[in-house]
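In: Here is my input, please return the structure:
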Amino acid sequence: MGPGEIFITDAEIVRKIRRGRSALYAELMRRHYPKIFCLCLSLLKDPSMADDAAQEAFLKSYRSLDKFREDSSFLTWIHRIAANRCLDLIRLKAREKENSLDTMLEISENHSFREVESSLLIESSLINSDLVEKIMSRLPVEYRLILVLREVQGFNYQEISQVLECSLDSVKARLRRARLACGEALRHFKMAGCV
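Out: Numbering: from 1, shown residues only. Take a look at the predicted model:
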């Protein structure tokens, strides 16, 4: 928004887009892309994949704008779409790893198991050494998601409830478990002398 321009809410932009002013969708992307990218990056751990997932989330939300009910904000709705896309990608990656492991095990019939195990250890040692990254990587994806929504994105419980499509009690319980798991992972790294 330039000087002298009137601020338009997300809801007003959505209504105008529905009435044919599709170019206004760029304003929604400008406003919310950084947060969506941050969410995707925290879940996927790969900037390129996170960028793709964020763009796919915006594309899907644009195509589904007629399904958007204004009982939640556009921001919580796009977070839900992005989170679901990331979870789909994580599941796909897990299946690919499983298939890759099966292939490795077939190959290992011709090589010693120690050689295969050694290559896995070398690969895993290349993971980012930053403590926060290490702690987050030890957490299940659903814990990472809720921690990012609350601690990084600053969502309140109601907004998290809408993104995750669960009750407020469930949000509080998940967040409590995620924080406990985070604390446990930190204790593990302290005991290992990484802190």
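
In: Beyond the helix or strand containing E159, next helix or strand please.
Out: E159 is part of helix 157-164 when elements are defined by DSSP states H and E. The helix or strand immediately downstream of helix 157-164 is helix 168-191, counting by DSSP H and E.

In: Centre of the chain to that following helix, how far?
Out: 17 Å (CA atoms, centre = their mean, to the nearest Å).

In: With just CA atoms, put it into CSV.
Out: Taking Å, rounded to 0.1, in the frame of the first residue of the first chain, the C-alpha atoms of helix 168-191 are listed here in CSV:
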residue,chain,number,x,y,z
LEU,A,168,-9.3,-25.8,21.6
ASP,A,169,-8.7,-28.5,24.2
SER,A,170,-6.9,-30.6,21.6
VAL,A,171,-4.8,-27.6,20.6
LYS,A,172,-3.8,-27.0,24.2
ALA,A,173,-3.0,-30.7,24.8
ARG,A,174,-1.0,-31.0,21.6
LEU,A,175,0.9,-27.8,22.3
ARG,A,176,1.7,-29.0,25.9
ARG,A,177,3.0,-32.4,24.5
ALA,A,178,5.0,-30.6,21.8
ARG,A,179,6.6,-28.3,24.4
LEU,A,180,7.4,-31.3,26.6
ALA,A,181,8.9,-33.1,23.7
CYS,A,182,10.9,-30.0,22.8
GLY,A,183,12.2,-29.8,26.4
GLU,A,184,13.1,-33.5,26.4
ALA,A,185,15.0,-33.1,23.1
LEU,A,186,16.9,-30.1,24.6
ARG,A,187,17.8,-32.2,27.7
HIS,A,188,19.1,-35.0,25.4
PHE,A,189,21.4,-32.5,23.6
LYS,A,190,22.6,-31.0,26.9
MET,A,191,23.4,-34.5,28.2
